[in-house]
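*Asks:* Fold the following and give me the result.
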Amino acid sequence: MRMSIEDLRLFYGEPSGRLVRRLLAERLETAWGEADGCDILGLGYATPWLGAFVGARRLIAAMPSGQGVEAWPRGARNRSVLVDDRALPFAAGSFDRVLVVHALEEADDVRALMAEAIRVLTPVGRIILVAAARGGLWARAENTPFGHGRPFTRRQLERLVREVGLEPAAWSQTLYVPPWPALYGMADGFEQVGRRVVPGAAGLILLEATRHAYARVQPVGAAERVPLRGAALQPSPAGRGASRALAQPGEHA
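*Replies:* Residues are numbered from 1 along each chain as shown. All right, here's what the predicted structure looks like:
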């Protein structure tokens, strides 16, 4: 059973939720910027971040029926819709970007959800999956949304996107500070140290994927890396065997 819309709204109004909102927003801004001229779909509970894409042509928040829906944005024409995440009410190829947050962990059928997310993605579209990290403390905090449902590892997310026909393009982690309010003032320090010293302590994993397969540049199987803006998400090779080169500076794959 999914966490209710009321509980999610309450969480993001509290100090813990405001911290998550800020740290994740920084990663998304570096990865996608303002996504000028793009049609963007937020699937799950993505409204805390959708508003940052001020240059987007169209923003839609699709909220699963088991969760519930809220009007968004406040004080403007509603852009949110209640959906069956296994049968989205959008035409194929409707969106240039799809942001999946608070959707995978409690989905009844993860592959069906992903198949629908891909169906509505344009041929050159990009998707970012955000999920609770299996090894982080936040996945054990039942008083947060990340302590509900199934957390993921990076390899599990990579395997998931490949199974539904996408190719991992880049990845990142955030939310290294433990879910203890007394430490939230040191969150930025935890981010800097965590990436280098204890990468497994991150609370959230971000994985970006695309329809594009990487071009093979050598017969031995070396892969061309996809250049991305900034360093918020690190390139990930298309080969099925993950390498230590995937890790961020100072991290271990």
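*Asks:* Now L8. Nearest residue, chain neighbours left out?
*Replies:* Excluding the flanking residues, the one nearest L8 by Cβ to Cβ, 6 or more residues apart in numbering is Y45, at 5.0 Å. The C-beta positions use only the backbone N, C-alpha and C, and glycine is treated the same way.
*Asks:* residues near that neighbour, how many?
*Replies:* Applying other Cβ atoms under 10 Å, we find 25 other residues in the vicinity of Y45.
*Asks:* and it, what is it in contact with?
*Replies:* 5, 8, 63, 67, 101-103, 145 (Cβ atoms under 8 Å, 6 or more residues apart in numbering).
*Asks:* Export these as CSV, with columns for pLDDT.
*Replies:* Converted to CSV, the contacts of Y45 look like this (pLDDT from 0 to 100):
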residue, pLDDT
I5, 96
L8, 97
M63, 98
Q67, 95
V101, 98
H102, 97
A103, 97
P145, 95
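*Asks:* can you tell me which of those residues are in helices?
*Replies:* 5, 8 (DSSP state H).
*Asks:* Closest one to G136 out of the contacts of Y45, please.
*Replies:* Distance to G136, by Cβ to Cβ, is smallest for P145 among the contacts of Y45, at 13.2 Å.
*Asks:* Surely the closest one and D7 touch.
*Replies:* Yes: using Cβ atoms under 8 Å, P145 is in contact with D7, at 7.4 Å.
*Asks:* Compare the two and say which is more crowded by neighbours.
*Replies:* Applying other Cβ under 10 Å to P145 and D7 shows that P145 carries more neighbours, namely 25 against 16.
*Asks:* can you pull the contacts of the more buried one?
*Replies:* Contacts for P145 were tallied using Cβ under 8 Å, 6+ apart; they are 3, 7-8, 11, 45, 102.
*Asks:* Switch those over to JSON lines; also include distance to L24.
*Replies:* Output for these, formatted as JSON lines (distance: Cβ to Cβ, whole Å):
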{"residue": "M3", "distance to L24": "17"}
{"residue": "D7", "distance to L24": "18"}
{"residue": "L8", "distance to L24": "14"}
{"residue": "F11", "distance to L24": "13"}
{"residue": "Y45", "distance to L24": "12"}
{"residue": "H102", "distance to L24": "11"}
